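> Mind folding the following:
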Amino acid sequence: MKKLFVTCACVATLLVVSCKESTQDKVEDATEAVGEDIKETTQDAVETIDTAMTEVGNDIENGVDNVKEEINEHVEK
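Below is the predicted model of the structure:
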């Protein structure tokens with residue numbers, strides 16, 4: 001989040017300081033690069049969350065199965 005804010009501040013500063021076309025092109029390229037970085041980071045976060053949720057779901061299912069087995073063992077005694 002800090003990187004995004006700092007990058008936006010730098011982009012704004014560059015726009016105010018210089019109006020050369022080449023500078024504007026560089027700013028536009030930098031802005032697009034930041035956008036791509038944000039997109040990639042978001043996708044990585046989504047994948048990480050999905051993996052973690054799958055693992056938690058599997059752990060819950062295993063826990064339920066273990067409890068069922070223990071209950072059945074005690075009922076059979």
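> Can you list the low-confidence ranges for the protein?
For the chain, residues meeting the criterion pLDDT under 70 lie at 1-5, 8, 14-21, 77.
> so which strand or helix has the residue nearest to the spatial centre of the chain?
By C-alpha atoms, centre = their mean, the mean C-alpha position of the chain lies nearest to Ala45, the distance being 2.3 Å. Ala45 belongs to helix 21-76 when assigned by DSSP states H and E.
> Packing partners of that helix?
Applying 3 or more C-beta pairs under 8 Å, 6 or more residues apart in numbering; DSSP states H and E, one finds that helix 21-76 contacts helix 2-17. Yep, even glycine has a C-beta here, placed from its N, CA and C like the rest.
> Count the neighbours of Asn66 for me.
Per other C-beta atoms under 10 Å, the neighbour tally for Asn66 reads 10.
> And for the one 3 residues further on?
Residues near Glu69, counting by other C-beta under 10 Å, number 10.
> separation between it and Ala33?
As judged by C-beta to C-beta, to the nearest Å, Glu69 and Ala33 stand 54 Å apart.
> Please apply the same query to Glu70.
Glu70 sits 55 Å away from Ala33, taking C-beta to C-beta as the criterion.
> For the helix holding Ala45, what is the distance to the chain centroid?
Computed by C-alpha atoms, centre = their mean, to the nearest Å, the chain-centroid distance of helix 21-76 equals 8 Å.
> From Glu61, how far out is the residue nearest to the centre of the chain?
Distance from Ala45 to Glu61, by C-beta to C-beta: 25 Å.
> Glu69 too?
According to C-beta to C-beta, Glu69 stands 13 Å off from Glu61.
> Same question for Glu47.
For Glu47, the distance to Glu61 - C-beta to C-beta - is 21 Å.
> Can you list the buried residues in stretch 67-77?
Neighbour counts using 16 or more other C-beta atoms under 10 Å place no residue of stretch 67-77 among the buried ones.
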